[in-house]
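**Q** generate a structure from the sequence data that follows.
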Amino acid sequence: MASLQDSVVKKFLETLSNDEKFDASKTQKLETLLKESRKIKADDLAEIFSLPDGGEVL
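**A** So this is what the prediction gives:
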């Protein structure tokens, strides 16, 4: 049986995938990050959600 955390992550990624305004490549990077078995750092998330040119965080 999947854990509650796994269920929440799955639903979150599903919601992002269904959002036409959200970049699919960011969803894929986020999914990879969440599936790794290490603690997520703020810098990891900032890297994913920053604009390609290093601009503002979304």
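**Q** which secondary structure elements does the longest helix seen in the chain contact?
**A** Criterion DSSP state H: the longest helix present in the chain is helix 4-18. Judged by 3 or more CB pairs under 8 Å, 6 or more residues apart in numbering; DSSP states H and E, the packing partners of helix 4-18 are helix 24-35. Where you see a C-beta, it was placed from the backbone N, CA and C, and this is true even at glycine.
**Q** can you name the next helix or strand after the helix it packs on?
**A** Toward the C-terminal end, the helix or strand that comes next after helix 24-35 (DSSP states H and E) is helix 42-49.
**Q** buried sites along that following helix?
**A** Ile48 (16 or more other CB atoms under 10 Å).
**Q** helices or strands next to that helix in the packing?
**A** Counting contacts by 3+ CB pairs under 8 Å, 6+ apart, helix 42-49 packs against helix 24-35.
**Q** give the rounded mean pLDDT of the helix it packs on.
**A** When pLDDT is averaged over helix 24-35, the result is 89.
**Q** may I see the buried residues of it?
**A** Judged by neighbour count using 16+ other CB under 10 Å, the buried positions of helix 24-35 are 27, 29-30.
**Q** mind checking how far the most centrally placed residue in the chain is from Lys10?
**A** Central residue check for the chain by CA atoms, centre = their mean: the C-alpha nearest the mean position is that of Leu30, 2.6 Å away. With distances taken as CB to CB, to the nearest Å, Leu30 is found 12 Å from Lys10.
**Q** again, but for Lys29
**A** According to CB to CB, Lys29 and Lys10 sit 16 Å apart.
**Q** one more: Asp44?
**A** Counting by CB to CB - Asp44 and Lys10 are separated by 19 Å.
**Q** where does this structure have low pLDDT?
**A** 1-2, 51-58 (pLDDT under 70).
**Q** kindly recompute the last result at 90.
**A** Across the chain, the stretches falling below the confidence threshold (pLDDT under 90) are 1-10, 20-26, 34-40, 45-58.
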